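Q: make a model of this:
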Amino acid sequence: MSALLEGSRQFLSTAEDTGAPRQAFTPFSASLAASVREMHRCLLLTLLAETSCQTLTQVLKCLAHLVANVPYNRLRPGLLSPLWKQIRPYVRHRDVTVRVSSLTLFGALVSAQAPLPEVHLLLQQPVSQSNLGTPGICTPQEASQSWRSPGPGIKTPPNAPQTWRRTACRGEETPEGVSEGPCWLLQLCMSLVTQPREETHSDSDAGGSSSALLEPSPVRLEALQVLAHLVKGYFSLAQTSLLELGQVSASCLTEQDPSIQLHGTKLLEELGTGIIQQYRPDANSTQSSNRVPVSQVVHFWSEILAGPLISALQNEQHATLQTSACDTLSSILPQAFSQLPGKNQVLCITILLGLTYSENALVKAASVRALGVYILFPCLREDVMFVADTANAILTTLDDRSPNVRAKAAWSLANLTDTLIVNMQSVGREFQEDFSDLLLLNMLRSAAKASTDKDRVKSNAVRALGNLLHFLQPGQLGKPVFEQPVEEAVRALVETVRGDATMKVRWNACYALGNAFRNQHLPLGSAVWSEEAYSALSDVVHSCKNFKVRIKSAAALSVPSTRARYGNTQQFSEIWQTLAQALEHSEETDDFLEYRYCASLRSQLCRALLHMLSLCQPEDLPALRSTLSERRVNTLQSLLIRHLNGRDLGFATGEEGADPVAPEDDRLLLKDTLKRLQSMMGNTAADANEDLKMVLCFLEELERNCEETEGKDSNES
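A: So this is what the prediction gives:
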């Protein structure tokens with residue numbers, strides 16, 4: 001059964017019984033849900049009746065596989081409570097393998113679709129209540145006094161956190177029935193990791209731990225994993241014990257067992273990540289209102305950085321530990337990092353910069369990734385020296401033999417170039433002038449080279465290229481040394497757009513070209529590479545099977561802010577005709593899944609066409625007139641009306657790949673375009689006047705139909 005359940009998540013995901021039962025027939029989802037409930041019942045009965053340690057272990061492992069794969073958020077609550085109460089006694093079982101298996105099951109429970117309301121309530125149970133099983137469900141060990149209770153003359157170790165000295169062996173309750181201090185599972189796991197056993201080991205414990213006083217290593221490791229899962233899924237319950245959990249991690253880092261040290265750093269990383277999630281802009285109101293105060297976060301990290309974490313970062317004999325410690329450093333809250341003592345900030349940066357030259361690929365990848373996180377910190381990103389040092393370290397690792405290192409380096413380089421754009425807008429010319437031209441040149445060349453690498457590297461390399469091309473200033477573009485690297489950078493983006501890379505990479509390349517087009521100093525329209533860039537985007541917007549890529553290419557084509565940046569008349573005409581043709585066929589696709597992006601694609605194409613109309617000149621009118629033939633004019637007009645009246649707004653807003661849609665702005669743009677074109681009447685040649693009349697007729701009819709349609713909609717509502 002364990003083998004059948006392992007990896008069954010996709011199959012079991014169809015189970016559902018949250019709705020009212022159907023009388024006419026029983027759907028497959030309900031039958032599967034009934035089978036899942038029956039499996040829970042049978043395994044619980046087996047667990048209750050079994051006495052063999054070997055069989056108990058297998059039953060607990062089977063339950064862990066079941067819990068890890070069942071979609072509890074699609075099932076009626078109540079499945080987990082009996083299981084939770086029944087496995088509680090086995091954490092105190094005399095056999096090590098049974099204790100480990102029960103902790104594995106607890107880990108599965110707190111990580112299954114977390115946070116589950118049912119598990120959240122179970123974690124909030126008072127300690128004394130959770131020590132009791134349900135009536136008739138207990139083991140012989142449960143009936144007797146727990147062997148974890150300290151006897152006379154036995155003292156709690158001095159390095160145990162203060163919380164356990166107060167509450168390790170007593171379950172106090174408030175009048176409302178909520179336990180004081182950390183939740184009971186948190187308490188239990190912390191005590192399993194750091195507190196001594198007060199009873200002799202079973203035979204299976206022999207050689208299980210380096211210290212006869214502590215639990216065997218397998219038990220302690222599993223308890224640490226449960227703590228990490230609990231912190232990740234239910235941080236709001238764990239945050240009250242933030243400092244104590246930090247002490248647990250610190251005590252693990254002082255031990256000799258590398259596995260214990262490693263899991264200690266992983267717990268620290270989860271704590272840091274939980275804090276960061278509370279401060280994210282998109283955090284829900286509950287997370288925001290229950291944030292850990294920044295002052296407490298600063299105290300937490302000050303204690304950690306003053307402890308054994310630094311030694312772990314410098315432990316060259318244990319590369320995996322170094323890697324995990326780097327990940328831990330990257331989980332420091334930016335607002336807290338800025339308030340850390342200066343020596344701690346310098347220490348973190350210095351160590352990470354040094355580790356990018358490690359001989360171990362894992363350490364190198366983790367350190368360069370951490371620098372990619374730090375470069376986004378507001379307190380660091382405006383420091384030109386730090387940005388330059390980080391850039392040099394990233395460029396060195398971007399040439400590494402390991403694909404994983406290069407992928408992390410490319411991600412960090414993209415983050416660094418994001419910082420350049422932010423600084424360009426917030427700090428201004430001062431930062432740009434202080435930034436080394438030579439370093440910028442090296443970044444351009446390295447990013448262009450990385451764009452030919454594997455897709456994992458290429459995806460972020462093209463993002464970096466777009467930012468770098470956006471960042472370049474007239475003083476740099478005017479230097480001959482920049483001419484070839486700029487051309488190579490644009491051609492690298494063009495080749496990626498046209499190439500056979502994954503759709504994510506091609507989407508990034510289209511975005512990067514649009515980003516580059518925003519640089520008003522870039523010779524777009526006059527440079528030799530302009531035609532290639534526009535041609536690549538035009539091909540994609542018309543023929544790419546992926547609608548999100550087409551949306552982003554259409555967005556890039558609507559970026560140029562002046563008519564001259566679209567190139568000559570022929571180039572302008574080709575772009576216009578391609579966009580019009582793409583709009584006509586915007587609902588044609590062989591992949592049903594792409595239909596959900598149809599509205600976003602239509603809106604973006606309409607915006608691009610209206611934008612080009614607002615910039616067109618008399619010499620462009622013949623090409624526009626040829627597009628507005630009788631056969632096509634009705635289709636184009638109906639789709640433009642749909643966009644201008646906001647009918648696609650509800651479908652397009654918020655979809656990935658689409659820019660924010662504002663039909664009101666486009667209607668104002670249409671009015672301004674009409675006024676501008678009307679002012680041209682009589683000022684152009686006779687032939688041009690005919691073309692202008694045709695275009696004006698189309699736009700006037702478009703505006704009139706928009707107003708009529710809007711009036712009908714308002715009357716109907």
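
Q: for the residue most central in space within the chain, phi and psi?
A: Residue closest to the mean C-alpha point of the chain, counted by C-alpha atoms, centre = their mean, is residue 277 at 10.9 Å. Main-chain dihedrals, residue 277, degrees, to the nearest 10: phi -60, psi -30.

Q: equivalent analysis for the one 3 residues further on, please.
A: Backbone torsions of residue 280, given as degrees, to the nearest 10, read phi -70, psi 150.

Q: okay, now it: neighbour count?
A: By other C-beta atoms under 10 Å, the residues close to residue 280 number 10. Yep, even glycine has a C-beta here, placed from its N, CA and C like the rest.

Q: please enumerate the helices of the stretch 251-400 of the chain.
A: Assigned by DSSP state H, counting those that start in this stretch, the helices in the stretch 251-400 of the chain fall at 258-278, 285-289, 294-305, 309-313, 319-329, 334-337, 342-355, 361-374, 378-381, 384-397.

Q: tell me what the fourth one is packed against?
A: Translated: helix 309-313. Helices and strands touching helix 309-313, by 3 or more C-beta pairs under 8 Å, 6 or more residues apart in numbering; DSSP states H and E, are helix 242-253, helix 258-278, helix 319-329, helix 342-355.

Q: buried set for the first one?
A: Spelled out, it's helix 242-253. 242, 244-253 (16 or more other C-beta atoms under 10 Å).

Q: any idea how far that helix is from the middle of the chain?
A: 27 Å (C-alpha atoms, centre = their mean, to the nearest Å).

Q: which stretch among the helices of the stretch 251-400 of the chain comes nearest residue 417?
A: Proximity to residue 417 (C-beta to C-beta) singles out helix 384-397 among these, at 9.3 Å.

Q: relative to helix 342-355, how tilted is the closest one?
A: Put simply, helix 384-397 runs at 20 degrees to helix 342-355, going by axes from the mean of the first three to the mean of the last three C-alpha atoms, to 10 degrees.

Q: rewinding a little: got a pLDDT number for the residue nearest to the centre of the chain?
A: For residue 277, the model assigns a pLDDT of 94.

Q: ok, it touching residue 287?
A: Yes - if you go by C-beta atoms under 8 Å, residue 277 and residue 287 touch, sitting 6.8 Å apart.

Q: how far away is residue 255 from residue 261?
A: Going from residue 255 to residue 261 by C-beta to C-beta, to the nearest Å gives 6 Å.

Q: still on that earlier bit, just name the most buried of the helices and strands packed on helix 309-313.
A: Comparing these by mean neighbour count (mean count of other C-beta atoms under 10 Å), helix 319-329 comes out on top with a mean of 24.

Q: helices and strands around that one, which ones?
A: The contact analysis (3+ C-beta pairs under 8 Å, 6+ apart) places helix 319-329 against helix 258-278, helix 309-313, helix 342-355, helix 361-374.

Q: looking at those helices, which is nearest to residue 467?
A: For those, proximity to residue 467 was assessed by C-beta to C-beta; helix 361-374 is nearest, at 13.5 Å.

Q: what helices or strands is that closest one leaning on?
A: For helix 361-374, the elements it packs on are helix 319-329, helix 342-355, helix 384-397, helix 403-426, judged by 3+ C-beta pairs under 8 Å, 6+ apart.

Q: among the ones you listed, which comes closest to residue 12?
A: helix 319-329 (31.6 Å).

Q: residue ranges in the chain under the pLDDT threshold?
A: Across the chain, residues meeting the criterion (pLDDT under 70) sit at 22-23, 127-182, 198-212, 630-631, 648-662, 684-688, 710-717.

Q: could you pull out the strands for this structure?
A: Secondary structure of the chain (DSSP state E): no strands located.

Q: tally of neighbours for the closest residue in space to residue 622 that isn't next to it in sequence?
A: The shortest distance from residue 622 to any non-neighbouring residue, by C-beta to C-beta, 6 or more residues apart in numbering, is to residue 691 (5.2 Å). Neighbour count for residue 691, taken as other C-beta under 10 Å: 21.

Q: so residue 691 makes contact with residue 624?
A: Yes - here residue 691 reaches residue 624: they are 7.3 Å apart, a contact under C-beta under 8 Å.

Q: before we move on, the earlier item: quick one: closest of the helices and strands packed on helix 319-329 to residue 455.
A: Of all these, helix 361-374 comes closest under C-beta to C-beta, at 16.9 Å.

Q: hey, C-alpha coordinates of that closest one in PDB?
A: Output of helix 361-374 as PDB, limited to C-alpha atoms (Å, rounded to 0.1, in the frame of the first residue of the first chain):
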ATOM      1  CA  ALA A 361      30.200  24.500  -7.000                       C
ATOM      2  CA  LEU A 362      27.300  24.200  -4.400                       C
ATOM      3  CA  VAL A 363      28.900  26.800  -2.200                       C
ATOM      4  CA  LYS A 364      29.700  29.100  -5.100                       C
ATOM      5  CA  ALA A 365      26.100  28.900  -6.400                       C
ATOM      6  CA  ALA A 366      24.600  29.600  -3.000                       C
ATOM      7  CA  SER A 367      26.900  32.500  -2.200                       C
ATOM      8  CA  VAL A 368      26.300  34.200  -5.600                       C
ATOM      9  CA  ARG A 369      22.500  33.700  -5.200                       C
ATOM     10  CA  ALA A 370      22.700  35.300  -1.700                       C
ATOM     11  CA  LEU A 371      24.500  38.300  -3.200                       C
ATOM     12  CA  GLY A 372      21.700  38.500  -5.800                       C
ATOM     13  CA  VAL A 373      19.300  38.800  -2.900                       C
ATOM     14  CA  TYR A 374      21.400  41.400  -1.100                       C
END
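
Q: got the angle for that helix vs helix 384-397?
A: Orientation of helix 361-374 against helix 384-397 (the same axes, to 10 degrees) gives an angle of 150 degrees.

Q: can you pull out the residues in contact with helix 361-374?
A: Contacts to helix 361-374, defined as C-beta atoms under 8 Å, 6 or more residues apart in numbering, come from residues 319-320, 322-324, 326-327, 329-330, 337, 348-349, 352-353, 355-358, 380, 390, 393-394, 397, 400-402, 404-405, 407-409, 411-413, 415-416.
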